[in-house]
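Engineer: using only what follows, build the 3D model:
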Amino acid sequence: MGTSIREHFKRLDDPRKKRGRRHLLLDLFLIALCAVLCGADNWRAVSTFGKAKRKWFKTFLQLPYGIPSHYTFDRVFAALSPESLDRCFAEWIQALSQSGKRLVAIDGKTLRRSFDRTGGKAAIHMVSAWASANELVLGQLATEAKSNEIKAIPKLLDLLDLKGATVTIDAMGNQRKIARKIVDRGGDYVLSLKDNQPRFREEVQLFLDRIIESGGKDAALDTHEETDGGHGRVEIRRAWVTSAVDWFEDRRHWLGLKSFAAVECERSANGKTSVERRYFISSLDGTSAKLLAEAVRSHWGIENKLHWLLDVAFHEDDCRVRRGYGAENFSRLRRISLNLLKRETTEKLGIANKRLLAGWDHDYLLKLLTG
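Structural biologist: Below is the predicted model of the structure:
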């Protein structure tokens, strides 16, 4: 199993003292990863899977003391540094990611069952970076609250290769320091404006609404419209973007700011129509409303192609692993597993059924691990 996974994750920092170590950290990691790939959702299931597959694991792992108990998995992953795992993950995913113009969405998800009322530990909030084109998790960091996303996002950006990428972030990430970080690392940004910055949003909204109503007579305006539908639903999406930002007094504080944009979605279903218009700032120039609309729409892929899958196919919200860094690291194992499952395209199955097949078929499991 001379794979990139083994090469990249063999550099994990072992949290245990050298004296008394029985099981190799890489063995522990690979058993846990295979188990999560095949459906395990707690450490007892991981150990049980390892024991059931002992002969197979023995063909490529050393296992000097056999398969570890679930207590060992629990103890080691509770102590394993998330920063060490993130570093290895970032190196591995960088080798997989496509080069060229990329759309990267950043958003957070709370691990609902990770809170520990007895120990006074809050539920963990994982912030993930998602590559829309190849549907891969590019990186992740944990915080103890959704409000701490502002602190986690710059650290996550430091783990990513952003050259040539366009980064989309919801209103929580609409911060000057975050915009500067993205530009400094060679990327562009599309940041949502919402009521957490009411004055800023109101100024941009009034300006854009006025020039949209005038049809671009007051300022240069590029527009794009597309229609989608099915099952009795019709959705019309409209986008407007302008490079007229010189009037904005605070523009010098926003590194790279080149355009303001609005995206409107009109939905009609069951005889009812709703219209929602959202506003954005961007370092992209204001010449392509189509490009900006694509970036905004792709951002929601992180919800229905990552967060939704983690809940439905991996039952993340039901996981009660809580000790130490255990919940964080188990969450990272799920995201690594999801990347491996997404990369494998020969089997036309959903993620849940791919996990079942991996547990039944050693050849398919090995194909997932080796790519």
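
Engineer: can you give me the strands for the protein?
Structural biologist: Using DSSP state E, the strands assigned to the chain run over residues 102-111, 124-131, 136-143, 165-169, 188-193, 222-230, 233-242, 259-269, 272-282.

Engineer: name the residues of the biggest helix by length in the chain that are buried.
Structural biologist: Of all the elements of type helix in the chain, the one with the most residues (DSSP state H) is helix 326-343. Residues of helix 326-343 classed as buried under the neighbour-count rule (16 or more other Cβ atoms under 10 Å) are 326-342. Bear in mind the C-beta positions are built from the backbone N, C-alpha and C, glycine included.

Engineer: same check on stretch 229-249?
Structural biologist: When burial is assessed from 16+ other Cβ under 10 Å, stretch 229-249 yields the following buried residues: 236-245, 248.

Engineer: do stretch 295-305 as well
Structural biologist: By 16+ other Cβ under 10 Å, the buried positions in stretch 295-305 come out as 295-299, 301-302, 305.

Engineer: Leu85: which of these is nearest?
Structural biologist: Of all the buried residues of stretch 295-305, Ile302 has the smallest distance to Leu85: 20.5 Å, by Cβ to Cβ.

Engineer: that closest one contacts Trp130, doesn't it?
Structural biologist: Yes. With contact defined as Cβ atoms under 8 Å, Ile302 counts as touching Trp130 (4.2 Å).

Engineer: common neighbours of these two, please.
Structural biologist: With contacts taken as Cβ atoms under 8 Å, 6 or more residues apart in numbering, the residues that reach both Ile302 and Trp130 are 105-107.

Engineer: is it possible to export these to CSV including distance to Gly371, pLDDT and neighbour count?
Structural biologist: Compiled in CSV, those are given as follows (distance: Cβ to Cβ, whole Å; pLDDT from 0 to 100; neighbours: other Cβ atoms under 10 Å):
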residue, distance to Gly371, pLDDT, neighbour count
Ala105, 24, 92, 26
Ile106, 25, 92, 28
Asp107, 26, 89, 23
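
Engineer: of the residues you listed, closest to Asp195?
Structural biologist: Asp107 (17.9 Å).

Engineer: any idea how far Phe29 is from Phe9?
Structural biologist: According to Cβ to Cβ, to the nearest Å, Phe9 stands 6 Å off from Phe29.

Engineer: residue contacts, Ile93?
Structural biologist: Under the criterion of Cβ under 8 Å, 6+ apart, the neighbours of Ile93 are 136-139, 339.

Engineer: distance check, it against Gly324.
Structural biologist: For Ile93, the distance to Gly324 - Cβ to Cβ - is 24 Å.

Engineer: so where's this structure uncertain?
Structural biologist: Judged by pLDDT under 70, the chain has its weakly predicted residues at 1-3, 97-101, 113-122, 144-148.

Engineer: which elements pack onto the longest helix of the chain?
Structural biologist: Under the contact criterion of 3 or more Cβ pairs under 8 Å, 6 or more residues apart in numbering; DSSP states H and E, the helices and strands touching helix 326-343 comprise helix 25-37, helix 70-79, helix 82-96, strand 124-131, strand 136-143, helix 308-312, helix 351-360, helix 362-370.

Engineer: redo that, cut-off 7 Å
Structural biologist: helix 25-37, helix 70-79, helix 82-96, strand 124-131, strand 136-143, helix 362-370 (3 or more Cβ pairs under 7 Å, 6 or more residues apart in numbering; DSSP states H and E).

Engineer: what angle separates it from strand 124-131?
Structural biologist: Computed by axes from the mean of the first three to the mean of the last three Cα atoms, to 10 degrees, the angle separating helix 326-343 from strand 124-131 equals 20 degrees.

Engineer: now helix 326-343: how far from the chain's centre is it?
Structural biologist: With Cα atoms, centre = their mean, to the nearest Å as the basis, the distance from the averaged C-alpha position of helix 326-343 to the chain average is 11 Å.

Engineer: this completes my enquiry, with thanks.
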